[in-house]
Structure formats: C-alpha cells, structure tokens
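Q: Please work out how this folds:
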Amino acid sequence: MPSKKHTPEEIIGKLREAEIVLAQGATTLEACRRIAISEQTYYRWRKEYGGLKTDQARRMKDLEKENQRLRRAISDLTLDKLILQEAARGTSEPRAAAALHRSCAEGTGGVREARLPGAWPASIYTAKDTARGR
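A: Numbering: from 1, shown residues only. Model prediction:
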C-alpha cells in the first residue's frame with residue numbers, strides 16, 4: 001500500500017486530535033487508530049512537530065528545503081574547486097594532464113568532461129603535440 005504524504009497542517013491537526021483522545025483516557029494505540037496512523041508514525045510526528053503551531057511547521061519545512069538547496073550548491077562549488085585545483089596541479093605534469101585530457105576527449109572523463117570542456121592550459125596541448133612529434 002503506498003504511503004500518503006501528509007502536509008504539516010494535517011499532521012498538526014491529527015496530533016491535536018490524538019491529544020484530545022489521550023486526554024479523555026484512551027490509550028495511544030486507540031488514539032492512533034482513531035486518526036488512522038500507526039503508533040510509530042504517531043511518535044515520529046510527535047517528536048518532529050510536538051509543540052509547533054501550523055505556521056511554525058510550514059516555516060520549518062521551507063527552511064529545510066532551503067537548507068537542502070544550499071547544501072547541494074556548496075557541494076557543487078566544492079567539486080568545481082577541486083577539479084580546478086587538480087587541473088592547475090596537472091600543468092606541471094604534462095603526461096598526466098595529457099592523459100587526463102585524452103580521457104575527457106574520449107568521453108571517459110565523467111565530471112571533468114561536463115565541468116571543464118575547454119579549460120585546459122595551452123602547455124598541455126604543446127606537450128601533447130611534442131610527444132607526438134608535431
């Protein structure tokens with residue numbers, strides 16, 4: 001059975017309803033049955049949304065999405081920086097850089113191919129040309 005995604009507003013409403021049932025003397029299992037969720041879901045929701053109001057929960061979810069987007073941006077920028085550092089280090093070693101360039105040209109360079117298609121220094125090309133006798 002596919003699980004239903006509840007909005008933060010629905011979750012807070014169901015938690016309030018469960019609190020009312022619990023205050024009337026029912027057990028946690030009965031309260032969970034009445035709001036149609038498992039006990040595990042109830043405890044997980046209570047841990048995450050326990051004392052929040054609807055607008056606070058919505059704001060928290062928005063901040064979590066923004067945080068995730070920023071983390072992805074940081075990881076992309078860090079990867080770009082590492083690739084550029086590796087490319088800069090490769091200028092002093094023409095053979096390794098030429099092999100790296102060759103792997104990019106053949107389509108086996110993975111991320112380097114997508115990130116730095118034409119950003120190789122001229123010294124690599126001259127080293128490659130002299131190695132081939134041009």
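Q: now the helices for this structure?
A: For the chain, applying DSSP state H gives helices covering 8-23, 28-35, 39-49, 54-89, 94-105, 111-115, 122-132.
Q: Give me the angle between the fourth one and helix 8-23.
A: In terms of direction (axes from the mean of the first three to the mean of the last three Cα atoms, to 10 degrees), helix 54-89 departs from helix 8-23 by 130 degrees.
Q: do the same with the second one
A: Orientation of helix 28-35 against helix 8-23 (the same axes, to 10 degrees) gives an angle of 130 degrees.
Q: residues of helix 28-35 that come out buried?
A: Ala31, Cys32, Ile35 (16 or more other Cβ atoms under 10 Å). (Glycine included, C-beta is placed from N, CA and C.)
Q: ditto for the longest one
A: Neighbour-count burial for helix 54-89, with 16+ other Cβ under 10 Å as criterion, is recorded at Thr54, Ala57, Ile83, Ala87.
Q: separation between the closest residue to Glu39 other than its chain neighbours and Tyr43?
A: Leaving aside its chain neighbours, Glu39 sits nearest to Cys32 (5.1 Å; criterion: Cβ to Cβ, 6 or more residues apart in numbering). The spacing between Cys32 and Tyr43, counted by Cβ to Cβ, to the nearest Å, is 9 Å.
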